[in-house]
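Visitor: 3D, please:
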Amino acid sequence: MAVTTRVDAGAGRVTSRVDELLAAHPPTSSDPVELRGAQYDLGLAWVWFPVGFGGLGLAPELQRVVDHRIREAGFDYEAVGKNGFGMFLAAPTIVTHGSDELKRARLRPLFTGEEIWCQLFSEPGAGSDLAGLSTRAIRDGDEWVVNGQKVWNTLAHAADRGMLVSRTDPDAPKHRGLTYFALDMHSPGVDVRPLRQITGEAEFNEVYLTDVRVPEADRIGDLGDGWRVSLTTLMNERVTIGGAVAARDTGPIADALKVWREHPERHDPVLRDRMARAWIEAEVLRLTNARATANRKAGAAGPEGSVAKLSFAEVNKHIYELCADVLGTEALLYPSYEMVRPEESALTGGLDPRKMFLRSRAYSIEGGTSEILRNILGERVLGLPGEPRTDKNLPWSEVPRS
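Guide: Numbers count the residues shown, from 1 in each chain. Alright, predicted model coming up:
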């Protein structure tokens, strides 16, 4: 009842502001950056954010009213697809942990698409064990000097800013000596190198940081609190990857249904059974995500959110394996291995199923490997005993590393 009352109380305010926005900036004729800037200034970027930082302090459900009205008026904001890391990971991290000065500096250009973001977490020696990272940041007056290497950085080649976690205190235990920064990707010493994948593309990158200077003003959260700040990013990442509530028969399962309809000669009983099972798995995942979303909005988040990312990875790998089997030898005719560096990441289907069969291998790695997620679910949801951790309270500098 309280949630419903809160939504009703803010609906009129949101509607009047959307009316004001569309009257002053007709979507079909306005400059996209100018329109999004006005949307931010009116508090309609993320209506649940605080006033002055793109929000109105209202119920998040009301954002659907804003987005529906703007799309209905004919506005297609292309940069949202290019800036998913900014919109869905960086923004909630900044608004939760950033100083007011940082929020003022970073949130508006993030929302307008003037600043594209990427994520700089994993390292060659610290992928699943993020807290074991070794990229160092050393204080030098009002700046930090950063040296290290990051890897598997999606779309870093197209980014203006990076969510960077660095070690600022090597003598503290590994979870306590980290600090989080908003890195200017155009700074001297930032070297972004492509990692070519089995699709032929280089969607991922490795990033080398050599004496990169980061202003103290670009620190997100308290000194040494980078682990807690990074958890905000990671939780939003897992929900973004696996927790979206799609319409029925859309996304990857729509790709499978299309392939199935186009190849009736392959409709044998075994594949028909697999098709039915894939549809059921996709629908169960969709309904689970819908329930998790409703619980989060009601303030009663449950384990469904933790399940979402793991299920997304496994279900969609099954779906594209089915697509390849229905295609038969045609699945071998991959259209092109031309080396390209895409501007957007493909997670939700709608592309060539042969490409998505290859791309889906990454689902079980990005945003937390399936193996690590099973550990998290076992320990934090099911209450099973955790694996022994002999390095938990040791200073990072004393932890053995290969």
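
Visitor: and the longest strand seen in the chain, which residues are buried?
Guide: Looking across the chain with DSSP state E, the single longest strand is strand 204-215. Under the neighbour-count criterion of 16 or more other C-beta atoms under 10 Å, strand 204-215 has 204-207, 209, 212, 214 buried. C-beta here means a position set from N, CA and C on the backbone, and glycine is covered the same way.

Visitor: Closest one to Asp100 out of those residues, please.
Guide: Val214 (19.3 Å; C-beta to C-beta).

Visitor: Tell me the secondary structure of the closest residue to the closest one other than its chain neighbours, please.
Guide: In space, and not counting its chain neighbours, Val214 is closest to Trp144: 4.6 Å by C-beta to C-beta, 6 or more residues apart in numbering. At Trp144 the chain is in strand, as set by DSSP: H, G, I helix; E, B strand; the rest coil.

Visitor: Return the distance of Trp144 relative to Ser187.
Guide: Distance from Trp144 to Ser187, counting by C-beta to C-beta, to the nearest Å: 11 Å.

Visitor: again, but for Tyr334
Guide: Counting by C-beta to C-beta - Tyr334 and Ser187 are separated by 38 Å.

Visitor: And the contacts of stretch 38-51?
Guide: When contacts are defined by C-beta atoms under 8 Å, 6 or more residues apart in numbering, stretch 38-51 is touched by residues 10, 14, 17-18, 20-21, 24-25, 36, 54-60, 62-63, 66, 70, 91, 95, 107-108, 111-112.

Visitor: Could you pull out the buried residues of that stretch?
Guide: 38-40, 42-49.

Visitor: same question, stretch 327-342
Guide: Within stretch 327-342, the residues scored as buried using 16+ other C-beta under 10 Å are 327, 331, 341.

Visitor: Just those residues: which are in helices?
Guide: Residues of those located in helices (DSSP state H): Leu327.

Visitor: CSV for the buried residues of stretch 327-342, including distance to Ser30 and pLDDT?
Guide: Conversion of the buried residues of stretch 327-342 to CSV gives the following (distance: C-beta to C-beta, whole Å; pLDDT from 0 to 100):
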residue, distance to Ser30, pLDDT
Leu327, 43, 96
Ala331, 44, 94
Arg341, 30, 91
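
Visitor: Tabulate the buried residues of stretch 327-342 in JSON lines, adding columns for distance to Met275.
Guide: Listed next are the buried residues of stretch 327-342 as JSON lines, based on distance: C-beta to C-beta, whole Å:
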{"residue": "Leu327", "distance to Met275": "13"}
{"residue": "Ala331", "distance to Met275": "15"}
{"residue": "Arg341", "distance to Met275": "35"}
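
Visitor: closest to Gly378 among the buried residues of stretch 327-342?
Guide: Ala331 (35.0 Å).

Visitor: mind checking how far the spatially closest residue to that closest one that is not a sequence neighbour is from Asn316?
Guide: When the adjacent residues along the chain are set aside, Ala331 lies closest to Ala324, with 4.1 Å between them (C-beta to C-beta, 6+ apart). Ala324 sits 13 Å away from Asn316, going by C-beta to C-beta.

Visitor: Gly141 now?
Guide: With C-beta to C-beta as the criterion, Gly141 and Asn316 are 48 Å apart.

Visitor: ok, the two, which is more surrounded?
Guide: Neighbours were counted for Gly141 and for Asn316 using other C-beta atoms under 10 Å; Asn316 has more, 28 against 8.

Visitor: just to confirm, which helix or strand has the more buried one in it?
Guide: With secondary structure defined by DSSP states H and E, Asn316 is part of helix 304-327.

Visitor: buried residues in stretch 17-31?
Guide: Neighbour-count burial for stretch 17-31 [16+ other C-beta under 10 Å]: 17-18, 21-22, 25, 27, 30.

Visitor: can you give me the helices for the protein?
Guide: Under DSSP H, the chain gives helices at 2-24, 32-41, 63-72, 78-82, 84-85, 91-97, 100-112, 226-242, 252-262, 269-297, 304-327, 353-359, 370-376.

Visitor: Averaged pLDDT, the first one. What do you get?
Guide: Helix 2-24 shows an average pLDDT of 80 in the prediction.

Visitor: again with the third one
Guide: Summarised as a single mean, pLDDT over helix 63-72 is 91.

Visitor: Other residues contacting that helix?
Guide: 11, 14-15, 18, 21-22, 27, 39, 44, 46-48, 77.

Visitor: quick check: angle from that helix to helix 32-41?
Guide: 150 degrees (axes from the mean of the first three to the mean of the last three C-alpha atoms, to 10 degrees).

Visitor: The longest strand of the chain pairs with which strands, and in what direction?
Guide: strand 143-151 (antiparallel), strand 190-195 (antiparallel) (DSSP bridges).

Visitor: Now render those strands as TSV, adding mean pLDDT, mean neighbour count and distance to Pro252.
Guide: Formatted as TSV, the strands paired with strand 204-215 follow (pLDDT from 0 to 100; neighbours: other C-beta atoms under 10 Å; distance: least, C-beta to C-beta, whole Å):
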stretch	mean pLDDT	mean neighbour count	distance to Pro252
strand 143-151	98	20	26
strand 190-195	97	16	24
